[in-house]
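J.: Please work out how this folds:
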Amino acid sequence: MSESSYNTPQNEQSEKKSLIDSIYLKYTKSVLRALSSTEFYEYFMNELAGAHNEFQFSNRRMEKLLDFTWIDSIESALSAIQHIISSPRNIIREDELIVDVAHVKKSDSSVVRHLAQHGSSMIQNFDEETGDVRPNKLMQKLREDTVELYENRLVITVIENAYRFVRIRYDALFGAMSDEFGAKLKFSTDITGVTENIHMDMFMHIKERDDILSTDNKHREAFERIARLNRLFTAFMETPFVKSLAKATRIKGALMKTNVLKKNPYYKEIVKLYEFLQKYDDIGYAINVIEQTPEVNETLQTDMFHNVMFNYIVLKNYLDEDKGREVAVPAKGKKRTLRPKFIKEIIEELTEDYDLPDVEIRKVLIEELTKSDLMKEEAEERLRLVEEQERLKREEEERLRREKEEEEERLRIEKEKEEERIRKEKEAEEMRIKAERMRREMEDYRRGNIFKRELEALFGKISSRLETREEEEHLRLSQAEKQEFEDAARILEEQEQRKKEENERLKKRLEEEKAQALWEKQQEELRRKAEEEARLAEEQARKEKERLIAEEAQKQKDREQLKTQLAELELFMNNLESSIKYRRNYKGEDEENGEKTESGAAG
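T.: Below is the predicted model of the structure:
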C-alpha cells in the first residue's frame, strides 16, 4: 500500500476537522456576536448561571488489532480439507449380527464355527441319534462402506474446532458495537424566574457505524479473510461428510501417527492444523478502548447555555399568544453621577493628553469604568462557576453512588422476583402435570365404564323425573322410561352383537394366523429338509470325491510298488542269465577236467 493511499483516512479526518472548526467559528462569531449585544442575552445567561445545571460528557472509541498467525495457518489447510471432504477415504466394515433363522440369507463356514462356539444359547433342538442340529438363531455378517476411520475422525475434529475457533473471533470482531461507545452529552437545567420556570433535558449520542470493512482500510484485507473463513467453515459443517460423522468419536489429546497421517500430503496438513489449534492459546485479536477525558470546561458550559437560549427563543417564537411570546429583560437602572474629585484622579491615570474636551474625558471614563466592572464581574462569575462545578461534582458522585445502590437493590429484587417466578412456574408445572395425570385417569376410567355410567345416569335421570314431575305427567314419563329401556336394551343387544362379531373376527384371525403359522412351519420344514438333503448330497459328493482321491492314491502307490518289483525282477533275470552262463562255463570246465583225469588214469 502506498504512503499516499495509507494517509487518505487521515487527510479526510483533517478535512472534516477543519470543516467543523470553520462552522463552529462562524457560529460563535456571527450568531453569538449579534445576540450578545442585546439585553436579553445578558439577562438569560445570568439566569442560567444561577440555575441548577447538570452536565455529563464522555467519549469512547474502539480500535481493533489482529494477529495474522492463526489466519495464515487455517487458510493453509483449506485446500486439504476441501479435497478430503470431496473424496474421503473409506473401508468396508464387517459387523456380526445375531438374527433369527427365518431371516438368514447366507450360510458359510464362519456361521458354522460361530454356532459351534456359541451353540448353547442358539440351538433349539439336537437329535442325538441322527446328530441333526436345529438352531433358532444364527450369526450373519453385515458388510457396508464406512468413512469412520481414525483419519477421518481427526478431520471432523479439526473442522469443528476450527469452526468454533473462527466463529468466536468473527462474532467478537464483527459484532455490533456496544452502546457504551461513542460520544455522549447529557445536560439538564432548571431555571426559576420571576414570571416563568424553565426546565430542559437534552441527551445526544454520536456513534460511528461499526462497518469494519469500510472504515478500517489498514486491516481491510484481514477482515475479508476472516469473513471468508467463517463462510467456508459454515459451509463445511453442512456437507454430507460432516453429517455422516456426526455420531463418530472425536479425537482428543495426542495423535496416533498412522501411515496415512505421515505420508498423505492432505492429511499431513490436517495434522499440522490440529497441532496448531491445540497449542494456540492467544485470543488472536486485541481491542483497545480510547477514552477522552470527560472534562466540562467553561467553553463547553457556555456553549450549552447558548444552546438552551436558542431552544428557548425558538419555542417562544412559535407560541401564538402575545403573553406567551413575551421575553423577560432586566429593568433599566439610573445612571450614577461621578464625583469631580474621583474623576480627576482617574483622568490622570487613564490619559496623558490634557487637551481632551470634557465629552471625550467622560466617554473614556465611562468605558474604563465599565471595563473594570465587567472584569470584576467576570472574576466573580468564574469563581462562582468553579464553586458550582465542585458542588455539581460532589452531587454527581453522590448521585452515582445512590444510583449504584439503587441498581444493586433493583438487581437483588429482580433476582428474587425471578427466583419466585421460577418457583411458581415449577409449582404450576407440577400442578399441571398432576391435573393432566388426574384427567387421564378420569378419562381412562370414563372410557372403561362409559356404558355403566350412561345407564346410571339414565336411571338417575328417570328417578329425578319421577320425583319432580306431577301426577298428570306420569303416563308420559312411563312411556319415556319404556322407550329409554328399549333404547338401553337395543344398545345392549348392539353391543352383544358387536362383541359377537368381534369374537368371530378374532376367531377367524386366529385361525388364519394358525394356518399361516402352520404353512410357515411347513415351508420351514421343507426348507430345512431341502437344506439337509443338499447338505447330505454335498457330504456324499465330498465323501465320493475323497474315496476317488483315496483310490487314485492307492493305485499310484500300487503302481510304484509294481514298478519296484519289476525293477527287482529285471535285475533278478539279468543276474539269473549271468548265473546260468557261469554255471554252464563252470560245468564244461568240470567235464573237460574229468575227461582229462579219466584219460590219465587209463594211461
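
J.: State the mean pLDDT of the helix or strand hosting His306.
T.: Assigned by DSSP states H and E, His306 belongs to helix 298-317. The average pLDDT for helix 298-317 rounds to 81.

J.: quick check: angle from whichever helix or strand Arg402 is part of to helix 298-317?
T.: Using DSSP H and E, Arg402 sits in helix 358-448. Per axes from the mean of the first three to the mean of the last three Cα atoms, to 10 degrees, the angle that helix 358-448 makes with helix 298-317 is 80 degrees.

J.: Show me what helix 358-448 is packed against.
T.: When contacts are defined as 3 or more Cβ pairs under 8 Å, 6 or more residues apart in numbering; DSSP states H and E, helix 358-448 sits against helix 39-49, strand 52-66, helix 298-317, helix 340-350. Yep, even glycine has a C-beta here, placed from its N, CA and C like the rest.

J.: quick one: low-confidence ranges for the stretch 501-603 of the chain?
T.: 588-603 (pLDDT under 70).

J.: mind redoing it with 80?
T.: For the stretch 501-603 of the chain, the stretches with pLDDT under 80 are 577, 581-603.

J.: so the closest residue in space to Leu255 that isn't next to it in sequence is in which element?
T.: In space, and not counting its chain neighbours, Leu255 is closest to Val271: 6.4 Å by Cβ to Cβ, 6 or more residues apart in numbering. Using DSSP H and E, Val271 sits in helix 265-279.

J.: what's in contact with that helix?
T.: Under the contact criterion Cβ atoms under 8 Å, 6 or more residues apart in numbering, helix 265-279 has outside partners 70, 73-74, 76-77, 79-81, 83-84, 151, 154-155, 157-158, 161-162, 165, 251, 255, 257, 260-262.

J.: Just the CA atoms of it, as CSV, please.
T.: The C-alpha coordinates for helix 265-279 follow below in CSV (Å, rounded to 0.1, in the frame of the first residue of the first chain):
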residue,chain,number,x,y,z
PRO,A,265,0.0,-34.7,2.0
TYR,A,266,-3.6,-33.7,2.6
TYR,A,267,-3.8,-35.5,6.0
LYS,A,268,-0.4,-34.0,6.9
GLU,A,269,-1.9,-30.6,6.6
ILE,A,270,-4.8,-31.7,8.8
VAL,A,271,-2.3,-32.9,11.5
LYS,A,272,-0.5,-29.6,11.3
LEU,A,273,-3.6,-27.6,11.8
TYR,A,274,-4.8,-29.8,14.7
GLU,A,275,-1.4,-29.3,16.5
PHE,A,276,-1.6,-25.6,15.9
LEU,A,277,-5.1,-25.3,17.3
GLN,A,278,-4.0,-27.3,20.3
LYS,A,279,-1.0,-25.1,21.1
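
J.: pLDDT of stretch 113-125, averaged?
T.: On average, stretch 113-125 scores 67.

J.: quick one, the helix holding Arg402 and strand 52-66 angle?
T.: Using the same axes, to 10 degrees: helix 358-448 against strand 52-66 is 70 degrees.

J.: Do you have the helices of the stretch 101-250 of the chain handy? List them.
T.: Here the stretch 101-250 of the chain has its helices, by DSSP state H, counting those that start in this stretch, at 109-117, 150-174, 212-215, 220-236, 240-244.

J.: got the ones you listed as TSV, with distance to Lys508 and mean neighbour count columns?
T.: Output for the helices of the stretch 101-250 of the chain, formatted as TSV (distance: least, Cβ to Cβ, whole Å; neighbours: other Cβ atoms under 10 Å):
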stretch	distance to Lys508	mean neighbour count
helix 109-117	39	13
helix 150-174	56	19
helix 212-215	77	12
helix 220-236	59	16
helix 240-244	48	14
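
J.: buried stuff in the helix holding His306?
T.: Neighbour counts over helix 298-317 (16 or more other Cβ atoms under 10 Å) mark 301-302, 304-306, 308-309, 312 as buried.
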